[in-house]
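# Have a look; sequence and predicted model below, questions after that.
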Amino acid sequence: MKKVELHLHLDGSIRPSTISEILNINLEEAKKLSTIETKCASLKEYLTKFDIPLKIMQTKENLERVAFELAQDLQKDDVIYAEIRFAPNKHLKSGLTLDEVVTAILKGLSQVPIKTNLILCMMRGDSYEQNLKVIKLAKKYLNHGVVAIDLAGSEASYPVNLYQELFEIAQKENIPFTIHAGEADEPLSVINAINLGAKRIGHGVRAIESEKALKLIKEKNITLEVCPKSNLDTNMYEKLSNHPIKKLYDMGLLVTINTDNRTVSNTNLTKSYQDLQEVFSFTKQDFLKMNENALQSAFLNQAEIEELLALLHK
């Protein structure tokens, strides 16, 4: 089945074999360092699995390689369009410039014949100046491989309202954005993210706990970038049957299915669909509808959306 992925982190989706080769460690060790074996205690613990991938993503060659390999993996997973996100400021430790980081990743992606775009992440906990650089970088490459910005990182420690001024700048510059919210923090974070102007919410599942949040999502036609496997790994839900994806979908909300981090969560979209079908009896039509939701809310122009919708229905 053809698929669309809107919420996908590059640094969380590096092949363990690549980590093994670049760091010269055995494959089992690479898997241990980059993949969740059992549940984490929290999102904070889950985020430690990014330390090793980030260690290797500091050269043009490695950035190009991991982007190329992810595009290959997406192609194998029958993905026809993906928006891939990463935090540019995290790849400067060996002297690369922000421009070199973006162009290396775009070069890697361009070598595989599937449509992809980049979302640049501002990070919770980074300084105003660091995050402002991400906005300026997004403006520079907007519609040339970059389509939006995001705010990622430890949600509960850094409420979204701390970043209000930055999102006001993004709006003035006509840069679209999505925001991680309603994952490790309460439904209020979803409400605040929408009030800041987000048209899409990364995760957003905790909105199920608030009538007010659900009403706002419905009224404003907000798309939820839901990542079920990742939510289990961060210990938000004990098992998949407790996950609210089916309830949110049955309410008529714009739900989309995503992996979040293919390597860290040891998953892909095919596997995610199979698990969801098994637990919630989603049909092929349901999955088609969620892929239509994804395309309709993708950071693309209408002509690109129409073209991909036609491909989706082929």
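Sure thing, it's come through.

# Would you map the strands across the chain?
3-9, 79-86, 115-123, 146-152, 178-181, 200-203, 223-226, 254-257 (DSSP state E).

# got a list of contacts for stretch 211-218?
With contact meaning Cβ atoms under 8 Å, 6 or more residues apart in numbering, stretch 211-218 is reached by 182, 187-188, 190-191, 194, 201, 204, 206-208, 222, 224, 251-253. Every residue, glycine included, has its C-beta placed from N, CA and C.

# run the last query once more with 6 Å
With Cβ atoms under 6 Å, 6 or more residues apart in numbering as the test, stretch 211-218 has contacts from Pro187, Val190, Ile191, Ile194, Ala207, Leu253.

# For Ile56, state which of the residues you listed is nearest.
Nearest to Ile56 out of the contacts of stretch 211-218 is Val190 (Cβ to Cβ; 33.8 Å).

# Can I get the contacts of stretch 211-218 in CSV including neighbour count?
As requested, those are exported to CSV (neighbours: other Cβ atoms under 10 Å):
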residue, neighbour count
Pro187, 22
Val190, 32
Ile191, 20
Ile194, 23
Ala207, 30
Leu253, 21
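
# Among those, which ones are in helices?
By the criterion of DSSP state H, membership of the contacts of stretch 211-218 in helices covers Pro187, Val190, Ile191, Ile194.

# any idea of the pLDDT on the nearest residue to Ser241 once chain neighbours are set aside?
Nearest residue to Ser241 in three dimensions, chain neighbours excluded: Val279, at 5.3 Å (Cβ to Cβ, 6 or more residues apart in numbering). Here the pLDDT value assigned to Val279 is 98.

# for the one 3 residues further on, same thing?
Looking at Phe282, its pLDDT stands at 98.

# Same check on Lys44?
At Lys44, pLDDT is 76.

# Could you give the number of residues near it?
For Lys44, the neighbour count with other Cβ atoms under 10 Å is 14.

# Next one: it from Glu183, what distance?
12 Å (Cβ to Cβ, to the nearest Å).

# circling back: from the contacts of stretch 211-218, pick the one nearest Phe177.
Closest to Phe177, out of all of these and judged by Cβ to Cβ, is Ile194, at 11.6 Å.

# Looking at the strands of the chain, which is nearest to Ser94?
The nearest among the strands of the chain, by Cβ to Cβ, is strand 79-86 at 15.9 Å.

# among the contacts of stretch 211-218, which two are most distant?
Using Cβ to Cβ for every pair in the contacts of stretch 211-218, the one that comes out farthest apart is Ile191 and Leu253, at 14.5 Å.

# which residues in the stretch 51-200 of the chain form helices?
Using DSSP state H, counting those that start in this stretch, the helices found in the stretch 51-200 of the chain span residues 51-56, 60-76, 98-110, 128-141, 164-172, 187-195.

# helices or strands up against the shortest one?
Identification of packing neighbours for helix 51-56 by 3 or more Cβ pairs under 6 Å, 6 or more residues apart in numbering; DSSP states H and E yields no helix or strand.

# redo that, cut-off 8 Å
helix 16-23, helix 27-34, helix 60-76 (3 or more Cβ pairs under 8 Å, 6 or more residues apart in numbering; DSSP states H and E).

# weakest of those by average pLDDT?
Minimum mean pLDDT among the helices and strands packed on helix 51-56: helix 27-34, a mean of 92.

# for that one, the distance to its chain's centre please.
In terms of Cα atoms, centre = their mean, to the nearest Å, the centre of helix 27-34 is found 22 Å from the chain centre.

# ok, now stretch 127-146?
Here the centre of stretch 127-146 is set off from its chain's centre by 17 Å, with Cα atoms, centre = their mean.

# got a markdown table for the helices of the stretch 51-200 of the chain, with distance to Thr283 too?
As requested, those are exported to a markdown table (distance: least, Cβ to Cβ, whole Å):
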| stretch | distance to Thr283 |
| --- | --- |
| helix 51-56 | 36 |
| helix 60-76 | 24 |
| helix 98-110 | 32 |
| helix 128-141 | 38 |
| helix 164-172 | 37 |
| helix 187-195 | 28 |
